[in-house]
Each structure stands twice: as C-alpha cells, then as structure tokens.
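Compute the structure for the input listed below.
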Amino acid sequence: MNKQIVLVAGASGYLGRYVTKEFSDRGYAVRALVRNPEKLAAEGTNLEPATASLVKEVVKGDAADPASLKNACKGVDIVFSCMGLTKPQENLTSEQVDHLGNRALLEDALSYGVKKFIYISVFNAEKMMDVDVVKAHELFVSDLLSSGISCTVIRPTGFFSDMGMFLSSARSGHMFMLGDGENRVNPIHGADLAKVCVDAADSSEKEICVGGPDTYTFNETMNMAFEAVGKSPWITHIPMWVGDAALFVTGIFNPSLAGVLAFAVSVSGLDNVAPANGTNHLGEFYRDLAAKGETKQ
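Predicted structure coming up:
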C-alpha cells in the first residue's frame, strides 16, 4: 500500500517541525511547505528538531503570495497547516497571511480533492475577536468549515516556545508582566501537540481544544524561568490599562507590531486552560533551554 502523503504548511516553525516528525514516525510521506528550505536542516531556537532528513519533498511557498501556493496540494491526501504570521513584518497583516494565505491553500486542496484539512487556530478565540490575528484565524476557520472538506480545527492554549521568551527576560534578571500574573495557563509542548494533530488525521472531531499536563499562573511560569537560569525572581507588574494605552500608541506608529502585541495583551487578561494532554513539563523545557544557552556562551 502506498504511503499517505501529507502537506505540512509552516513546516519550519516550532509546531511544524514536531508535526513533520510525528507524521514521518507514523509512516506518512511528508511534503514540507516552507519559505526557506534551508531552515529545516538545523535545530530550532526552542529545541525543535531538524527535519530535513524526514521530509520526502520540499515545496517553496509564501502565505503572503497566494500564487506561490498553487499546486502545493497536488497528489496530497492530507493538509496540515500552522502557517501564519508569528511576528511583526513590515507591510504584512494577519489578514493577508493567516486568513487569505490559508484560504489560497484550501482552494488548492479542494481543486486536487484532498481528503482532510487540519488547521491550528486559537483557544478562547471567541473572547478575543477584536484582536486582528485571532479574527484572521477565525475567518479562515469559517471558510474551512463551510468548504465541505473533512476538517479538524485544533485550538491549543499556547506553545512552550511562546513561554521561551520568559527565559530570555529571566537571563536579564528582570521581567515585566501585564496584570497581576494570577491568570492561569496550561501551555503544551510541540511534541505533545503534534501527537494530537496527527491523531486528528483519522478523527471525525471538528474541533479539539488542548493544553499541556500542568496548569500554572503566569507568575509561576516566570518564577520557573528565573529558577532555570539560577537567578532570584524580580518581576514588575504593570497595570492592564498601561498595556492598553501602550497598544493604542503603538497602533498609530506601527500597526503591524500593534497587531501582534494586541494578542499578548488579551492573553494577559484571561485564563487559558484547556483539557490536559501530554507528558512534557514546562520546568524541564526551561532547564533544557537554559542549558543550551550556557553551551553556546
């Protein structure tokens, strides 16, 4: 029997690498859709694996250029997409990348009769629809659900890589935190989330909300980061209204940066706790990441 072919869109990112590995480990043939194929050959900044040896084919494409995605799905059985705008880029919006880029990929998938489309969106999206990046994700979810293709939307609370920024701040000896830091989150490791994503290939579920095995306050996640780098916690809490004001000013001078910051401000005011899954723990991730940083120095 021929292997099923899966297209992983966003294959060079944190989650995309783990999903590539998990599909490959389970016997799928992986076609990686990336902007920069050379990135696949090296380990990622948050310990995600190099995957160049695991993919059967690499296709260059850019979500901001829908025409470059044409024919990416030819001969493909399953599409998995975590393709999106993860940091501010001049003259690019979440609408262009997260919504319209994925819609172009969906149209290509439909034209080639792809059997299943798996998409990564956002947990608690309904509480953050005024945030551009969340709105863009959900506009695509609407497109996907109305397209008629068999699909699953996966809604993680947050990746361990998102928490990795706390370690960088801890190294400096001082962190700033919006709000009182008592809101709760159960972030999930890429390897654990990848298992959920690949399981979805054979699932009839339309939507899966998922988080990691441990729930922490944001203060606790920061304290663990300080512990991992061997420093005493020093956290300055900033009132939420200051974050809102800073976001307003940023929006005037740098709309693309404001779009990304708006998500961070919104998350800082919410509990993000989804059904627990996985076996990887944030403290261990911090310690491994800290050890990697010491090795490089």
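
contacting residues for Gly101?
Contacts for Gly101 were tallied using CB atoms under 8 Å, 6 or more residues apart in numbering; they are 62-64, 66, 69, 83-84. The C-beta positions use only the backbone N, C-alpha and C, and glycine is treated the same way.

Tyr119 too?
Under the criterion of CB under 8 Å, 6+ apart, the neighbours of Tyr119 are 80-81, 102, 140-141, 144, 151-154.

Identify, from the contacts of Gly101, the entry nearest to Met165.
Proximity of these to Met165 (CB to CB) peaks at Gly84, which lies at 17.4 Å.

Next one: the spatially closest residue to the closest one that is not a sequence neighbour, what pLDDT does it get?
Spatial nearest neighbour of Gly84, excluding adjacent residues (CB to CB, 6 or more residues apart in numbering): Asp98 at 4.4 Å. At Asp98, the model reports a pLDDT of 94.

how close does Asp98 sit to Gly148?
Distance, Asp98 to Gly148, using CB to CB, to the nearest Å: 21 Å.

same question, Ala291
As judged by CB to CB, Ala291 and Gly148 stand 48 Å apart.

Same question for Ile154.
Between Ile154 and Gly148 the distance, using CB to CB, works out to 19 Å.

again with Thr217
Relative to Gly148, and taking CB to CB, Thr217 is found at 42 Å.

Low-confidence regions, the stretch 101-250 of the chain specifically.
Counting by pLDDT under 70, the ranges of the stretch 101-250 of the chain that qualify are 240-250.

circling back: between Asp98 and Gly148, which one's more packed in?
Set side by side, Asp98 and Gly148 show more neighbours around Asp98, with 27 against 8, by other CB atoms under 10 Å.

Next up, the contacts around that one.
Asp98 is in contact with 63, 83-85, 133, 136-137, 140, counting by CB under 8 Å, 6+ apart.

In CSV: these, plus distance to Phe160, neighbour count and secondary structure.
Formatted as CSV, the entries for the contacts of Asp98 read as follows, by distance: CB to CB, whole Å; neighbours: other CB atoms under 10 Å; DSSP: H, G, I helix; E, B strand; the rest coil:
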residue, distance to Phe160, neighbour count, secondary structure
Ala63, 23, 26, coil
Met83, 20, 26, coil
Gly84, 17, 23, coil
Leu85, 20, 22, coil
Val133, 19, 23, helix
Ala136, 23, 25, helix
His137, 20, 24, helix
Phe140, 24, 24, helix
